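Asks: The sequence and its predicted three-dimensional model are supplied below.
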Amino acid sequence: MQIETHTAKFTAPLYLESGRILEPYELSYETYGELNEAKDNVILVCHALTGSHHVAGLYDGDRKPGWWDGVIGTGKAIDTNEHFVICINVLGSCFGSTGPMSDAYPSLTPFRLRFPVITVKDMIRAQKYLLSSLGIHHLKAIVGGSLGGMQALQFAVDYPNFADKIIALATTYATRPWTIAFNKVAMEAIRRDVRFDNGNYAKDEFVDNGMDGLAIGRIAGHISYLSPDSMDDKFGRNYVSTDGLFELFGRYEVERYMEYNTNNFARTFDPMSYLYLAKAVNTFNLARGYDSLYDAILRIKAETHLIGFEGDNLFFPKEMEHIANMMNRNGQSHSYTEIESSYGHDAFLVEIDKFEYIIRKALS
């Protein structure tokens with residue numbers, strides 16, 4: 001599978017939903033497969049909150065492939081022998097696209113907290129400009145889960161004629177208080193960490209030792225991404241064999257897992273980007289800018305496939321089903337599948353064998 005990584009630079013102003021302007025800005029992206037002459041085999045894959053444009057395949061020297069490698073590649077559900085796949089790192093992220101730790105032109109100092117709040121509408125508008133710059137004005141499909149699913153649905157509403165098909169997994173029509181509350185834990189843990197210093201930390205400050213606030217916040221995130229049943233299956237009540245049961249800081253295996261994963265994450269993800277992307281998730285509402293959610297959904301013309309997961313405790317399946325019910329009443333082309341799963345929100349990243357047939361069928 002052919003993988004190419006690029007960064008596109010834009011000097012034209014990007015007018016944001018907040019009323020602010022971002023210029024210039026950059027977007028990093030990765031492509032897989034080959035664009036055909038008619039440019040009608042393009043699939044846009046949108047990533048989740050802590051994801052990146054590296055969605056499949058291996059970089060030289062890496063042992064861990066892209067975050068959806070089980071879905072994208074030769075002979076897979078999104079077959080790169082047939083499709084030209086592109087994944088764009090969203091604005092505000094820390095993996096190459098312009099974000100809060102990017103230099104604020106014309107200065108050589110980072111935006112930090114002067115960076116504007118970015119919404120899902122802003123993310124997809126920037127991506128549409130990038131695709132247009134590549135001569136791509138229509139897509140075969142847009143696919144994404146979680147924050148990526150929000151982007152897919154926002155594309156369907158804001159640009160009804162842009163894609164033939166929309167496939168959205170483990171997402172919602174508007175972020176509910178339950179999810180905002182989980183995000184609040186992470187955001188407050190970051191802000192109250194003394195090393196955050198009101199955003200005035202140096203670039204790459206936390207590469208070596210991580211940031212405690214982000215690690216603690218990520219624990220809350222992990223809890224929301226998993227489910228009680230999946231934790232039972234994965235850890236049970238097993239205790240770390242080298243820790244004493246009656247030591248105050250002795251750990252169960254689930255505690256050790258949280259420590260290990262969150263400490264690693266806190267060395268690789270920028271805390272400022274986490275704040276901005278969590279804010280984008282919190283502010284997501286398909287109805288904003290339209291008279292109602294009904295009016296927003298009514299704009300969708302693409303064949304829409306919605307996939308919810310039974311054990312998802314972050315974006316509950318009934319939120320996906322609500323969209324499906326509205327589309328059903330409107331007579332819009334759609335399907336809704338609730339996957340039987342006890343894994344939790346991250347099932348869309350892990351239990352690929354349970355839903356890849358839906359994607360394959362939708363694209364065939």
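Replies: Done, it's in.

Asks: tell me the mean pLDDT over stretch 156-165?
Replies: Averaging pLDDT along stretch 156-165 gives 98.

Asks: One more: stretch 244-251?
Replies: 95.

Asks: quick check, distance from stretch 338-352 to the centre of its chain.
Replies: 15 Å (C-alpha atoms, centre = their mean, to the nearest Å).

Asks: residues near the closest residue to I118 other than its chain neighbours, how many?
Replies: Leaving aside its chain neighbours, I118 sits nearest to G92 (4.4 Å; criterion: C-beta to C-beta, 6 or more residues apart in numbering). The C-beta positions use only the backbone N, C-alpha and C, and glycine is treated the same way. By other C-beta atoms under 10 Å, the residues close to G92 number 27.

Asks: cool, and G57?
Replies: Neighbours of G57 under the rule other C-beta under 10 Å: 17.

Asks: Contacts only, for the residue nearest to I118.
Replies: Residues in contact with G92 (C-beta atoms under 8 Å, 6 or more residues apart in numbering) are T98, G99, P100, F115, I118, M123, S273, Y276, L277, A280.

Asks: do the same with R112
Replies: Contacts of R112 (C-beta under 8 Å, 6+ apart): P100, M101, G199, N200, M272.

Asks: Correct me if wrong, but E319 is in a strand.
Replies: No: applying DSSP: H, G, I helix; E, B strand; the rest coil, one finds E319 to be helix, outside a strand.

Asks: count of neighbours near it?
Replies: 20.

Asks: again with the one 3 residues further on
Replies: When neighbours are counted by other C-beta under 10 Å, H322 registers 18.

Asks: Wait, it touches T171, no?
Replies: No: assessed by C-beta atoms under 8 Å, H322 is found out of contact with T171, at 11.7 Å.

Asks: any residues in contact with both of those two?
Replies: Counting by C-beta under 8 Å, 6+ apart, nothing touches both H322 and T171.

Asks: want to try TSV for the contacts of G92, with secondary structure, pLDDT and neighbour count as columns?
Replies: Formatted as TSV, the contacts of G92 follow (DSSP: H, G, I helix; E, B strand; the rest coil; pLDDT from 0 to 100; neighbours: other C-beta atoms under 10 Å):
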residue	secondary structure	pLDDT	neighbour count
T98	coil	98	28
G99	coil	98	24
P100	coil	98	25
F115	coil	98	23
I118	coil	98	27
M123	helix	98	26
S273	helix	98	21
Y276	helix	98	22
L277	helix	98	27
A280	helix	98	24
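
Asks: Ramachandran angles for S335?
Replies: phi -140, psi 150 (degrees, to the nearest 10).

Asks: Quickly find the element holding the closest residue to it other than its chain neighbours.
Replies: Once flanking residues are discounted, S335 sits nearest to H305: 5.0 Å by C-beta to C-beta, 6+ apart. Element membership of H305, judged by DSSP states H and E, is strand 303-309.

Asks: Tell me who's in contact with E310.
Replies: Counted by C-beta under 8 Å, 6+ apart, E310 has contacts P317, E338, I339, E340, S341, S342.

Asks: how far away is it from M327?
Replies: Per C-beta to C-beta, to the nearest Å, E310 is found 21 Å from M327.

Asks: Please apply the same query to E23.
Replies: 37 Å.

Asks: Kindly report the same for E321.
Replies: With C-beta to C-beta as the criterion, E321 and M327 are 11 Å apart.

Asks: neighbour-wise, which of these two wins?
Replies: When neighbours are counted by other C-beta under 10 Å, M327 comes out ahead of the other of E321 and M327, with 19 against 15.

Asks: Show me what the helix or strand hosting the more buried one is packed against.
Replies: Per DSSP H and E: M327 is located in helix 317-330. Applying 3 or more C-beta pairs under 8 Å, 6 or more residues apart in numbering; DSSP states H and E, we find helix 317-330 packed against helix 293-298, strand 303-309, strand 334-339.

Asks: Good, we can wrap up now.
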